[in-house]
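Asks: no letters, just coordinates:
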DNA sequence: ATTATTGTGGTAATATAATACCACGTTTTT
DNA sequence: AAAAACGTGGTATTATATTACCACAATAAT
C-alpha cells in the first residue's frame, strides 16, 4: 500500500517545508540547532529528506523554528481518490 | 530545554487529535489499521500517547484516516514567549 | 586577503521504534 | 443469549532513529 517512493516523497516534502520556514525566518541550521538541542548536520539531513524522524524530534524542530505543528505540516499529499470515507 | 513532560504532552496531544478525527469519521482502530498497514493495537497505543512514532508511521496514519498532514497536526503547543524570532 | 560561518556527508555507539503476534474483558450486533 | 467486533495491554525480535562527533569545500563577513 505504501511503497518506498511515497515514503520518500513525504519525507522530502516535510524537509522542503522545514527549509521554507527556515529561509523565511532567515535562520541557519546551526541557529536552529542551538534552540532545540539537535545537531545542525542532523537538521541538514532532515531538510534533505533522508531522515525518518520521530514525534519527539519534530517537537524539537517546532521549538527550534518557533512554529506551531500545523505550520510545519502545512503541505499536501496525494490521498486515494477511490478511498471513500466520511 | 525539552523535558520529558513536554515530550509526553506533545505525544498526548497528537494522540488526542488522532482520536478526534477517528471519532468524527466514525472509524475504529481495526478499521484504520486495515487501510494503512498498521496493527490496530499499535494505533490504540498511539492514541493513548505512549508511542514516539516516525514520519513514515505518520504517513501511514494519514492514509488510514484519509486526511492531510495539516489536519492531523491541527493543534497547538506552548512556545517560548521570550524566544524572539521573526 | 583572512577569518568566520555555513551546508553537508560520514560514522560508531546507543537507544528505541516497528512489527506481528496473543489474550481478554467490554460493548455492540444479530 | 450468542456471536462478532471493539479497545487495550503485553511481548520478543528485528530494524532503525538518535546522538555526538569530525572534516571540508563553499560562501560571507571583516
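Replies: Good, I have the coordinates. Keep in mind the model is a prediction, meaning the values are calculated, not measured. Numbering: from 1, shown residues only, chains lettered A, B, ... in the order given.

Asks: what residues does chain A put near chain B?
Replies: Residues of chain A lying close to chain B by CB under 8 Å from any CB of the partner chain are A:1-2, A:6-7, A:10-11, A:14, A:25-27, A:35-37, A:52-56, A:59-60, A:62-63, A:66-70, A:72-77, A:79-80, A:83, A:85-86. All C-beta spots, glycine's among them, are computed from the backbone N, C-alpha and C.

Asks: got a list of what residue A:50 touches?
Replies: Neighbouring residues of residue A:50 by CB atoms under 8 Å, 6 or more residues apart in numbering or on different chains: residue A:11.

Asks: nope, residue A:29 is what I was after
Replies: Counting by CB under 8 Å, 6+ apart, residue A:29 touches A:22, A:40-41, A:43-44, A:47.

Asks: please list the residues of chain A that sit near DNA strand D.
Replies: Applying CB under 7 Å from any atom of the strand, we find that chain A lies next to DNA strand D at A:37-39, A:41-42, A:51-54, A:56-57, A:60.

Asks: kindly reformat those residues as a markdown table containing distance to residue B:18 and pLDDT.
Replies: Below are the residues of chain A next to DNA strand D laid out as a markdown table (distance: CB to CB, whole Å; pLDDT from 0 to 100):
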| residue | distance to residue B:18 | pLDDT |
| --- | --- | --- |
| A:37 | 26 | 93 |
| A:38 | 25 | 97 |
| A:39 | 29 | 97 |
| A:41 | 32 | 98 |
| A:42 | 26 | 98 |
| A:51 | 23 | 98 |
| A:52 | 19 | 98 |
| A:53 | 18 | 98 |
| A:54 | 15 | 98 |
| A:56 | 16 | 98 |
| A:57 | 18 | 98 |
| A:60 | 21 | 97 |
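
Asks: this completes my enquiry, with thanks.
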